[in-house]
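> Need coordinates for the following:
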Amino acid sequence: MTQETRTDALDASPRIFENDILDRFSRVHHLTPVIVYGPIILGLIFYALSLVSVGLVLLGLVIGYVGWTLTEYFGHRYLFHPVYPLPFGLGPRFQFLIHGVHHIYPNDPLRLVMPPLLSGPIMLIALTITRLLFGASFAWPVLAGFMIGYVAYDCVHYWTHHGQPTSDFGKWVKRLHMLHHFRDAGKGFGVHAIWWDYVFGTAYQKDDKPGTRAV
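Below you'll find the model as predicted:
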């Protein structure tokens with residue numbers, strides 16, 4: 001396979017649903033999370049300020065953000081790359097739809113961020129959990145922080161595939177994600193929350209380099 005042919009394959013945007021509407025909604029512009037969740041985040045923050053103090057809002061944002069980073073890490077590690085078969089009859093087809101297709105066509109520009117059909121249910125689950133854990137008032141800033149983390153994740157994910165970093169830190173973050181795609185998909189589960197890989201022992205070694213094999 002020539003380099004040009006390989007690049008075309010990695011950039012391809014294949015059809016994954018027979019239904020035209022579902023297939024259309026599986027592809028989204030990379031700014032969709034910002035456009036959809038940006039106003040919601042601002043609304044949640046302003047609403048939270050009418051219920052609790054500024055200090056509690058800031059604390060809630062931090063808690064929610066940390067909550068997202070753990071969701072990002074463990075979701076990527078155990079849901080997107082399951083070691084054992086998923087429960088509830090969620091087989092290979094489900095895993096392919098939510099993440100496997102991304103590893104086969106990693107540079108597909110329209111499938112690098114979550115479509116609202118996938119992120120929306122995640123936010124509803126997060127809302128339910130935050131209300132149970134923190135109560136009605138404090139749940140709102142926590143949810144806002146969770147959404148901030150999600151938007152940061154999707155933006156960084158798109159950037160790692162199509163951005164051209166100039167700083168050493170930016171090059172490091174991009175390199176780690178390329179190692180996940182082209183060296184060892186069993187490591188590097190934090191896309192923007194890269195620190196959890198060091199905490200949980202799934203970080204790459206210093207001399208690891210991206211290869212030529214998408215896994």
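
> In stretch 134-143, which residues are buried?
134, 138, 139, 140, 141, 142, 143 (16 or more other C-beta atoms under 10 Å). For every residue, glycine as well, the C-beta is placed using N, CA and C.

> where does the chain have low pLDDT?
Applying pLDDT under 70 to the chain flags the ranges 1-12, 88-90, 210-215.

> ok, longest helix in it?
Of all the segments assigned as helix in the chain under DSSP state H, the longest by residue count is helix 116-162.

> Tell me the helix or strand right after that helix.
For helix 116-162, the following helix or strand on the C-terminal side (DSSP states H and E) is helix 168-182.

> Which elements pack onto that next one?
helix 116-162 (3 or more C-beta pairs under 8 Å, 6 or more residues apart in numbering; DSSP states H and E).

> wait, isn't residue 77 in contact with residue 201?
No: at 11.1 Å, residue 77 and residue 201 do not qualify as touching, with contact defined as C-beta atoms under 8 Å.

> Hmm, residue 32 is touching residue 115, no?
Yes: under the criterion of C-beta under 8 Å, residue 32 makes contact with residue 115 at 7.4 Å.

> one step back: now that we have the buried residues of stretch 134-143, can you turn them into JSON lines and tack on distance to residue 68?
What follows is the buried residues of stretch 134-143, written out as JSON lines (distance: C-beta to C-beta, whole Å):
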{"residue": "134", "distance to residue 68": "15"}
{"residue": "138", "distance to residue 68": "16"}
{"residue": "139", "distance to residue 68": "14"}
{"residue": "140", "distance to residue 68": "15"}
{"residue": "141", "distance to residue 68": "13"}
{"residue": "142", "distance to residue 68": "10"}
{"residue": "143", "distance to residue 68": "10"}
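
> still on that earlier bit, and the longest helix of the chain with helix 168-182, angle?
Angle of helix 116-162 versus helix 168-182, following axes from the mean of the first three to the mean of the last three C-alpha atoms, to 10 degrees, is 110 degrees.

> for helix 116-162, packing partners?
Counting by 3+ C-beta pairs under 8 Å, 6+ apart, helix 116-162 packs on helix 32-49, helix 54-74, helix 168-182.

> could those helices be laid out in TSV, adding distance to residue 207 and mean neighbour count?
Listed next are the helices and strands packed on helix 116-162 as TSV, based on distance: least, C-beta to C-beta, whole Å; neighbours: other C-beta atoms under 10 Å:
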stretch	distance to residue 207	mean neighbour count
helix 32-49	34	16
helix 54-74	23	18
helix 168-182	11	17
